[in-house]
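Colleague: With the sequence up front, the predicted model follows.
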Amino acid sequence: MLRIILLLSPIFVTLFWALTLSGNNKNNSTPRRFLGYFMLFPLIIYISHFFYFAPLPDFYPYFDVLLQYASLLVFPIYFIYFRLLTVDKVFSLRAHARYLTIPTILFVIYGGAVLLTPSIEYRAWLFDDKAFASSNNIKLLVIIRSIIRITYLTQVVLSVIGNHLLIRKYAAKAEEFYSDIQDGRYNNANMLNYTIIFMSIAAFVFTALGRDYLMSQNWMLYLGWTVFSVMLYIIGYMGITQKAINPTFDLVVEPDMTVLESGTLNVAQKKLLKKILELFDEKKIYLNSQLNILEIVNLVGANRTYISAIINLEYNQNFCTFVNTYRIKELKKLIIQNPEYPNEVLAEFCGFGSVNSLKRTISSKTGMSITDWKAQFLLK
């Protein structure tokens, strides 16, 4: 019974996140929905594994080809998900087909080889890799399966490196889009990448041990499927809380307004800065926890790059730091006026959105915990 429960656990996890992430919630972003579609591929993989290890030999042969294809697609699709978080606005076959071409070609070749192999030979080989070893059809399947494994491992390495480079490259610009991200530290995005690294290492180890070993060693099977279930749950959870970065486009384009180069603000730039400061000083726009630079763009009528450059030149701060400077001032005032307020209320009233965001901001700015920082004002 325990074996069946553990074999089913990653199936339940992936099915749950596939439905949750790809639902029609109005707050769903394109990357979040795409991650829901991604979950369908590990779902296929673990359904296939379930039939193999349960074991249900009459059902598994119908899933083997799908298992190989889903395994080949997991990491390319995960990389596309990271591109949607960073540089791509939507998924399209035209833009992303290059990541899916090799898996699809290998799928067609492997599927064709399976169709050419007598059913009795193919089914026997699936559960005993030494069966019909002299058969040319089986020899061909062994070669193709080896190519699939090498391709899979190559994809693991390239995907992980690619994800890391995307996060690193667009770290600075993303703060302009989400003012509750602290100093380019994309904990969720990095955790997503670290989790898939851990999963890929585990998958490599269990692949190297082989199915025969796992079939005979229940404890290894239990350990592996527990690890996979936990990692998939973390990926889903991080995905549903992760915000898209997408720092590569402006909603308002003004070609006459270029990035500041002189080192000082001219009259027009000072006038624009005055508009920005009115939004913060008088309208207290920073109290909106979802504030991003595109809202400022629409309110003052200038493009993102220009506004960012003015803030950076005048205050030597990026947009995220600029917004949180106002929030910290508001927080200090509120603590002095209402020392009894809990952190949840302070975070909501000052625009941080969550206690964790408040704590991260204080720690980033002062190096102190929120408790120690508050104590400075309460003891006076």
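Modeller: Right, received. Where do you want to start?
Colleague: Give me the distance between Q217 and F206.
Modeller: Q217 sits 11 Å away from F206, going by Cβ to Cβ, to the nearest Å. Heads up, the C-betas are built off the backbone N, CA and C, glycines and all.
Colleague: which one of the two has more residues nearby?
Modeller: F206 (19 against 13; other Cβ atoms under 10 Å).
Colleague: and the more buried one, what element?
Modeller: Counting by DSSP states H and E, the element that carries F206 is helix 187-209.
Colleague: so how far is that helix from its chain's centroid?
Modeller: Distance of helix 187-209 from the chain centroid (Cα atoms, centre = their mean, to the nearest Å) equals 13 Å.
Colleague: C-terminal to that helix, what's the next element?
Modeller: Using DSSP H and E, the helix or strand that follows helix 187-209 in sequence is helix 211-216.
Colleague: can you give me the end-to-end distance of stretch 295-315?
Modeller: 20 Å (Cα to Cα, to the nearest Å).
Colleague: Numbering from 56 from now on, please.
Modeller: Shifting the count to begin at 56 puts that one at stretch 350-370.
Colleague: Okay, now the unreliable bits of the stretch 156-305 of the chain?
Modeller: 226-243, 298, 301-305 (pLDDT under 70).
Colleague: From F105, how far out is the residue lying closest to A186 once chain neighbours are set aside?
Modeller: Once flanking residues are discounted, A186 sits nearest to A179: 4.0 Å by Cβ to Cβ, 6 or more residues apart in numbering. For A179, the distance to F105 equals 21 Å [Cβ to Cβ].
Colleague: who's more crowded, the two?
Modeller: F105 (20 against 16).
Colleague: From P158, how far off is the more buried one?
Modeller: In this view, F105 and P158 are 22 Å apart by Cβ to Cβ.
Colleague: which SS class is K144?
Modeller: Secondary structure, DSSP: H, G, I helix; E, B strand; the rest coil: K144 is coil.
Colleague: burial count for it?
Modeller: 14.
Colleague: for Y177, same thing?
Modeller: Using other Cβ under 10 Å, Y177 has 21 other residues around it.
Colleague: and what of L74?
Modeller: The burial count for L74: 11, using other Cβ under 10 Å.
Colleague: Helix or strand for the residue nearest to it when sequence neighbours are not counted, just tell me which one.
Modeller: Nearest residue to L74, sequence neighbours excluded (Cβ to Cβ, 6+ apart): G91, at 7.4 Å. For G91, the enclosing helix or strand under DSSP H and E is helix 85-93.
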